[in-house]
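Enquirer: Just a sequence and a predicted model for now, questions to come.
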Amino acid sequence: MRVLISGASGLVGTELKLQLKELGHEPVSLVRRDAKNESEASWDPATGRIPADLMETIDAVVNLGGATTGKIPWTKKYKEILIASRLDSTKTLVEAINNASKKPTVLISGSASGFYGECGDKEVTEADPKGSGFLSDLADAWEKQANKADTRVVLIRTTLVMSKKLGALGKLLPLIKLGIGGPLGSGKQWWAWISLEDEARAIIHLIENQSTEGAYNLTAPEPATCAQMVHELARQLKRPTFLKVPAWAMRLLIGEAAQELLLCSQKMKSHRLIESGFEFKHPSLKESVGYVLS
């Protein structure tokens, strides 16, 4: 199977390529420079440029491209970059798929937990409507663009990815290791999460399972509060967690991104993924933290 990947150099894209190769598949990375070999294809999503006959050689497309939401603060200009980086890349891929005489069998397109907005203590499934806020509007627009593809479309609503390479934990974990980390805000907000290994495994599962279509929450079966995650990281590191970061200070320093990224509560459930037959390698917070710290 030949799998075309946008965002192939990112955290998830790198792991996905590794796992695809281990399974005997052929990942092809979309790059914004000249392609060096057959494992790369050159494109420019800002202008819609992509090799005209590329899709005829591809079995599946995985769309992971997009500027990071972790770069803060979100200025007006950076919000425009966040939007364009997702919509331009998705539009380019969709048009290439729709113009192909032999189409890929599936488009796996990125989305995010931000689709649901602030959810409090309510359990959230794929049946729930979009919420409010910048990230919700962004995810909704991203998904609508992907759904224009004339092939099977799977939307992966990804959340905090737990990785040995840190990723979203990159700023929090070093503080915990120093013994000066602690819950953010009240610590009661729910954080959905998934291990990097399971994230890539789930994407491959959704590619291979031809009965899957529509939105899927890519999150482990055991959601945790911010405080529970911080305390589990500290417990396995044998470090204290005395300090709390006040919500008001985060909003003052980070602005809008603090509320939507760190203080927002999303108790997501992965019912559709589990019902499709997927089995998590790291289903519990304890196991996932152990994987991150191993």
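Expert: Structure's in. What do you need? Because the structure is predicted, anything quoted here is derived from the model rather than measured.

Enquirer: Sketch out the low-pLDDT regions of the protein for me.
Expert: For the chain, the stretches with pLDDT under 70 are 166-168, 170-171, 180, 242.

Enquirer: Going along the chain, name the strands of it.
Expert: Ranges of strands in the chain, per DSSP state E, are 2-6, 26-31, 40-42, 60-63, 106-112, 123-124, 152-158, 160-163, 166-167, 190-191, 193-195, 214-218, 224-225, 267-268.

Enquirer: which one of those strands is the most hemmed in?
Expert: strand 60-63 (a mean of 28; mean count of other Cβ atoms under 10 Å). For glycine as for every other residue, the C-beta is placed from the backbone atoms N, C-alpha and C.

Enquirer: How far does that strand sit from its chain's centre?
Expert: Distance of strand 60-63 from the chain centroid (Cα atoms, centre = their mean, to the nearest Å) equals 14 Å.

Enquirer: so what secondary structure elements neighbour that strand?
Expert: strand 2-6, helix 76-99, strand 106-112, helix 196-208 (3 or more Cβ pairs under 8 Å, 6 or more residues apart in numbering; DSSP states H and E).

Enquirer: which residues are contacting it?
Expert: If you take Cβ atoms under 8 Å, 6 or more residues apart in numbering as the criterion, strand 60-63 is touched by 1-7, 13, 16, 55, 89-90, 93, 97, 104-110, 146, 203, 207.

Enquirer: try it again with 6 Å
Expert: The contact list for strand 60-63 (Cβ atoms under 6 Å, 6 or more residues apart in numbering) reads 3-6, 90, 93, 104, 106-110, 207.

Enquirer: Ok, stretch 282-294 next?
Expert: The contact list for stretch 282-294 (Cβ under 6 Å, 6+ apart) reads 162, 164, 195, 198, 220, 221, 222, 224, 232, 233, 236.

Enquirer: circling back to that earlier point, quick one: which of the strands of the chain is nearest residue 77?
Expert: Residue 77 lies closest, by Cβ to Cβ, to one member of the strands of the chain: strand 106-112, at 20.7 Å.

Enquirer: Return the list of helices and strands in contact with the closest one.
Expert: strand 60-63, helix 134-146, strand 152-158, helix 196-208 (3 or more Cβ pairs under 6 Å, 6 or more residues apart in numbering; DSSP states H and E).

Enquirer: any idea of the angle the second one forms with helix 76-99?
Expert: Which is helix 134-146. On the basis of axes from the mean of the first three to the mean of the last three Cα atoms, to 10 degrees, helix 134-146 is oriented at 20 degrees to helix 76-99.
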